[in-house]
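Asks: Have a look; sequence and predicted model below, questions after that.
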Amino acid sequence: MSWLETSIMAKRGVAGGKETSRQKITIEQQGKFHYVYGPYAEPVIEVEPGAVVEAETHDAFEGKIKSESDVPSELLNVPYLNPQTGPVYVKGAKKGDCLAVYIHSVKPRGPQPVGTTCLIKEFGGLVGTTSTALLNQPLPEKVKKVNVDENGVYWNDRITLPYEPFIGTIGVSPEIEAITSLQPDYYGGNMDLPDVAPGSVIYLPVQTDGALLYVGDCHAIQGDGELCGVALEIPSTTTLQIDLIKDHRIAWPQLETEDMFMTIGSARPLEDAARIAYRELVRWSAAEWGMDELEAYMLITQCAKVRLGNMVDPKYTVGASVAKKYFK
């Protein structure tokens, strides 16, 4: 039996975690990509809970960086980065519900070299930025193109990294705001958290009718923090199974895998992102396992772990997790 059959998605979802239909969103169907999360875009498709959606996504640069001689600042028009596929309208979704999205797969798409990373002027975790204002001159811009397939990330002749794909940006629409797809927050967005990977379920708090699910910015691999600001960005074919949990309010995104539960916070400074993630983990543990919140606070203090998503975006992202084995 797959662990998914015992997941919160399977136990509480309208479709019981089961596939009910299949749909595709190709690049041609999508046509216009979105650079904000908001309720004002027309849905590209409508689905019932239980739908499996195969979505084609662009890389974070919409394919504009094509060679190592390119200069990112000459090609990119900030803030038109992180193009999003969608939105997907989920029938029956209302504010106060929770969208459950099981990530089946993230596969690289397009001609080689399909992977791109780069250094961009005044962007990254170890340089001055518009928010971290310093007198130092920006680092020189640099592009690296990398062959990627499902067997590996071929950095150079000597170094092959594992293919560890995940979704950098996924979330639902806020209720009234339209917020840049570069930013993570309570609705998901640009979390850049490597655990949002095939084999996991991400739970997102529905804010508006239909939920309006967006997805994009897939990565072939990325270390904790997305240090230089740019992961190994790839265009992808990403397959998602979407279910709906009615009347299930959560304040921030949550994640479930076979082995752990995770809660996700995004804020600046970094310690506030960690506080959000930990507070939500304490509350989730208390609610899910029927224990007093103070007892959960002490328990989580002993056995939880944190994962740094990004420390480069407009808000930083931290995931706090606890192993399921403690709650059998």
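Replies: Structure's in. What do you need?
Asks: Mind pulling up the pLDDT for the nearest residue to residue 232 once chain neighbours are set aside?
Replies: Excluding the flanking residues, the one nearest residue 232 by Cβ to Cβ, 6 or more residues apart in numbering is residue 220, at 4.2 Å. For every residue, glycine as well, the C-beta is placed using N, CA and C. The per-residue pLDDT reported for residue 220 equals 98.
Asks: what's the answer for the one 3 residues further on, then?
Replies: On the pLDDT scale, residue 223 is placed at 97.
Asks: Residue 327 now?
Replies: 83.
Asks: residues touching it, list them.
Replies: Going by Cβ atoms under 8 Å, 6 or more residues apart in numbering, residue 327 touches 285, 288-289.
Asks: all strands of the stretch 101-250 of the chain, in order?
Replies: Taking DSSP state E, counting those that start in this stretch to define them, one finds strands in the stretch 101-250 of the chain at 115-119, 142-149, 152-154, 160-161, 166-172, 179-180, 184-185, 188-189, 201-205, 213-219, 233-234, 236-245.
Asks: okay, the ones you listed in JSON lines with mean neighbour count and distance to residue 57 next?
Replies: Output for the strands of the stretch 101-250 of the chain, formatted as JSON lines (neighbours: other Cβ atoms under 10 Å; distance: least, Cβ to Cβ, whole Å):
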{"stretch": "strand 115-119", "mean neighbour count": "23", "distance to residue 57": "14"}
{"stretch": "strand 142-149", "mean neighbour count": "17", "distance to residue 57": "14"}
{"stretch": "strand 152-154", "mean neighbour count": "18", "distance to residue 57": "18"}
{"stretch": "strand 160-161", "mean neighbour count": "14", "distance to residue 57": "21"}
{"stretch": "strand 166-172", "mean neighbour count": "29", "distance to residue 57": "8"}
{"stretch": "strand 179-180", "mean neighbour count": "18", "distance to residue 57": "17"}
{"stretch": "strand 184-185", "mean neighbour count": "26", "distance to residue 57": "17"}
{"stretch": "strand 188-189", "mean neighbour count": "31", "distance to residue 57": "15"}
{"stretch": "strand 201-205", "mean neighbour count": "24", "distance to residue 57": "16"}
{"stretch": "strand 213-219", "mean neighbour count": "29", "distance to residue 57": "5"}
{"stretch": "strand 233-234", "mean neighbour count": "27", "distance to residue 57": "9"}
{"stretch": "strand 236-245", "mean neighbour count": "23", "distance to residue 57": "5"}
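Asks: which stretch among these comes nearest residue 266?
Replies: strand 184-185 (3.9 Å; Cβ to Cβ).
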